[in-house]
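Q: can you look at this prediction? I've put the sequence above it.
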Amino acid sequence: MRLVGRASVVIIPPMTSSTACAWRVAVVGSGPAAFYTAEALMKSDHEVRVDLFERLPVPFGLVRGGVAPDHQKIKGVVKVYEKIAASPCFRFFGNVRIGSDLTIDDLAAHYHQICYAFGCESDQKLGIPGEELAGVSAATDFVGWYNGHPDHRAHHFDLSQTRRVAIVGNGNVAMDVARVLLAPPDALATTDIAEHAMPVLRASAVREVVLLGRRGPAQAAFSPTELEEIAHLPGLDVVVRPEEAELDPLSAAWLAKDGSRSQERNVRNLQEHAGKGLGSNPRKLRCRFLVAPVELRGTDDQLRSVRLQHMRLVAGDDGTPRPLPRDSFEDLDVDLVFKAIGYRGVPVPGVPFEAKKGIVPNVDGRVVEQPGSTVRTGHYCAGWCKRGPTGLIGTNSLCAKATVESMRTDHADGRQLSPTHGDITQLLQQRGIDAVTWADWQRLDTYERRQGEAAGKVRQKVTDAAEMLRVLRSLRG
């Protein structure tokens with residue numbers, strides 16, 4: 001965004017001795033991996049200076065735009081990030097898009113090292129017929145929509161005629177989507193859910209959500225607490241077919257040898273629900289296993305059903321149970337399908353990209369031009385863009401620390417960029433970029449909380465990037 005009708009942009013105070021600083025690092029992104037990278041860097045050397053660049057005017061990535069609104073305790077992790085941002089060695093540059101507002105060459109001219117921590121912003125495709133039908137959506141779009149992410153606020157979801165929803169995948173994102181669809185709207189109204197989502201959820205006719213998993217109950221990807229949480233919703237039954245809850249000999253042996261406590265807990269919970277039958281409550285969460293969608297069918301370009309192929313489990317090369325198709329099918333009538341089979345990275349101009357995996361190619365966090373090629377000196381990555389969309393929020397801390405070890409080693413050995421310019425604020429001002437500071441974010445944070453308090457909720461998010469900037473300009477005083 002650019003300032004219109006104003007003579008100047010907000011001035012970001014230059015960092016103390018930044019021009020002469022022996023170690024200046026740019027971190028691209030502002031989600032958990034970015035903040036943990038900044039934290040590890042600043043703990044490793046009190047002389048390092050870290051600047052975070054974020055394309056949106058607001059920080060925190062998926063903590064703000066992905067964590068479910070009824071999981072406020074998880075969102076409390078931002079208190080850790082706020083402490084990191086309070087360091088005099090840290091600066092935040094929001095509303096700065098790398099690849100257009102600033103190029104990678106611009107960063108290389110101002111910093112000794114660049115660390116990419118921009119995550120994965122797209123969704124994985126099913127790659128089956130009918131994926132283009134109306135009524136087929138990515139779970140990432142729905143999650144971003146109800147969380148008020150600026151990229152997703154314009155999506156349209158009409159649940160007023162929707163009775164049954166199928167979700168392809170059975171990870172935590174799938175469980176979050178199912179819970180938001182099945183929870184009483186009043187339970188969500190006091191959270192920081194996007195205001196535009198509440199009328200849609202209140203008008204919802206959804207009575208049944210079906211999770212579709214290719215593997216068995218021992219390989220369910222959701223956390224046990226996710227299943228337990230949704231099972232406690234009022235007026236809802238968790239339904240599991242007894243034959244699908246039973247472990248085949250391969251899975252039983254694998255679970256006993258290599259399974260985690262969480263997986264054992266999932267199996268116990270699922271088998272317990274299988275023993276309860278259909279239940280008598282009006283809303284159902286059906287957990288299906290050993291089924292995979294092979295076709296999405298519709299009429300008049302509108303989704304009507306999902307063709308499912310039954311699977312069986314066989315031992316992979318490493319002994320892990322893997323799904324193999326059977327010559328057996330069924331059709332499931334549905335009104336809506338959400339694809340929840342994972343996030344995927346998108347390329348950023350000037351940054352190497354491994355299309356097959358959807359990540360920045362790297363070795364120990366050091367960016368390479370392509371897999372198997374030479375290291376790009378001074379360039380690093382952390383988080384999902386480094387390893388793919390796996391793990392929980394805390395996983396990014398370990399990932400960032402590992403990358404920072406590589407960065408420290410290279411800095412000590414002099415294997416880094418040779419910047420020819422000092423503070424980047426001058427370049428931003430010359431280009432008329434209205435960079436959002438951390439102080440700006442704190443103003444907007446206070447504004448959203450006060451708006452929320454007036455509405456009887458945790459926070460009233462501003463969901464449009466242009467509106468965020470308008471609010472900020474009015475608050476700068």
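A: Yep, it's here.
Q: only C-alpha atoms from now on, for both contacts and neighbour counts.
A: OK.
Q: got the phi and psi for the closest residue to Leu159 other than its chain neighbours?
A: Leaving aside its sequence neighbours, Leu159 sits nearest to Ser204 (Cα to Cα, 6 or more residues apart in numbering; 4.6 Å). Ser204 adopts backbone torsions of phi -60, psi 140, taken as degrees, to the nearest 10.
Q: look up the pLDDT of Ser204 for me, please.
A: What the model reports for Ser204 is a pLDDT of 98.
Q: list the contacts for it?
A: Contacts of Ser204 were listed using Cα atoms under 8 Å, 6 or more residues apart in numbering, and they are 158-162.
Q: the residue nearest to Arg207 when sequence neighbours are not counted: neighbour count?
A: Once flanking residues are discounted, Arg207 sits nearest to Arg283: 4.6 Å by Cα to Cα, 6+ apart. Neighbour count of Arg283, defined by other Cα atoms under 10 Å: 20.
Q: repeat that for Gly378.
A: Gly378 has 22 neighbouring residues, counting by other Cα under 10 Å.
Q: cool, and Asp317?
A: 8.
Q: and the residue nearest to Arg207, what are its bridge partners?
A: Leu236 (DSSP bridges).
Q: please report how far the nearest residue to Ala183 once chain neighbours are set aside lies from Arg179.
A: Nearest residue to Ala183, sequence neighbours excluded (Cα to Cα, 6+ apart): Leu233, at 6.4 Å. Leu233 is 8 Å from Arg179, where distance means Cα to Cα, to the nearest Å.
Q: quick one: which of those two has more around it?
A: Ranked by neighbour count (other Cα under 10 Å), Leu233 and Arg179 place Arg179 first, with 21 against 16.
Q: I'd say that one and Ile230 touch.
A: Yes: between Arg179 and Ile230 there is a contact at 6.0 Å, judged by Cα atoms under 8 Å.
Q: returning to that earlier point: show me the contacts for the residue nearest to Arg207.
A: The contact partners of Arg283, by Cα under 8 Å, 6+ apart, come to 182, 206-208, 235-237.
Q: from those, which two are the most distant?
A: Val206 and Asp237 (13.8 Å; Cα to Cα).
Q: when the two are compared, which one has more neighbours?
A: Comparing Val206 with Asp237 by other Cα under 10 Å, the one with more neighbours is Asp237, at 23 against 20.
Q: nearest residue to the more buried one other than its sequence neighbours?
A: Nearest to Asp237 is Lys284, by Cα to Cα, 6+ apart, at 4.9 Å.
Q: report the separation between that neighbour and Val306.
A: Separation of Lys284 from Val306 (Cα to Cα): 18 Å.
Q: contact partners for the residue most central in space within the chain?
A: The chain has Leu62 as the residue nearest its centroid, 4.3 Å off, counting by Cα atoms, centre = their mean. Shown in contact with Leu62 (Cα under 8 Å, 6+ apart): Gly31.
Q: 10 Å - rerun?
A: Residues near Leu62 by Cα atoms under 10 Å, 6 or more residues apart in numbering: 30-32, 68, 75, 119-121, 143-144, 147, 149, 393.
Q: let's see which of those end up in helices.
A: 32, 75, 143-144 (DSSP state H).
Q: where in the protein is pLDDT low?
A: Within the chain, the set of residues satisfying pLDDT under 70 comprises 1-21.
Q: mind running it again at 80?
A: 1-21, 477 (pLDDT under 80).
Q: can you spell out the domain ranges of it, please?
A: 24-121+345-476, 122-343 (automatic domain parsing).
Q: any idea which of the contacts of Arg283 is closest to Gly452?
A: Using Cα to Cα, Leu182 is the member of these that lies nearest Gly452, at 23.6 Å.
Q: so the closest one sits against Val210, correct?
A: No: if you go by Cα atoms under 10 Å, Leu182 and Val210 don't touch, sitting 11.3 Å apart.
Q: show me how far the helix or strand harbouring Leu469 is from its chain's centre.
A: Take DSSP states H and E as the rule and Leu469 turns out to sit in helix 465-476. Centroid separation between helix 465-476 and its chain, computed with Cα atoms, centre = their mean, to the nearest Å, is 25 Å.
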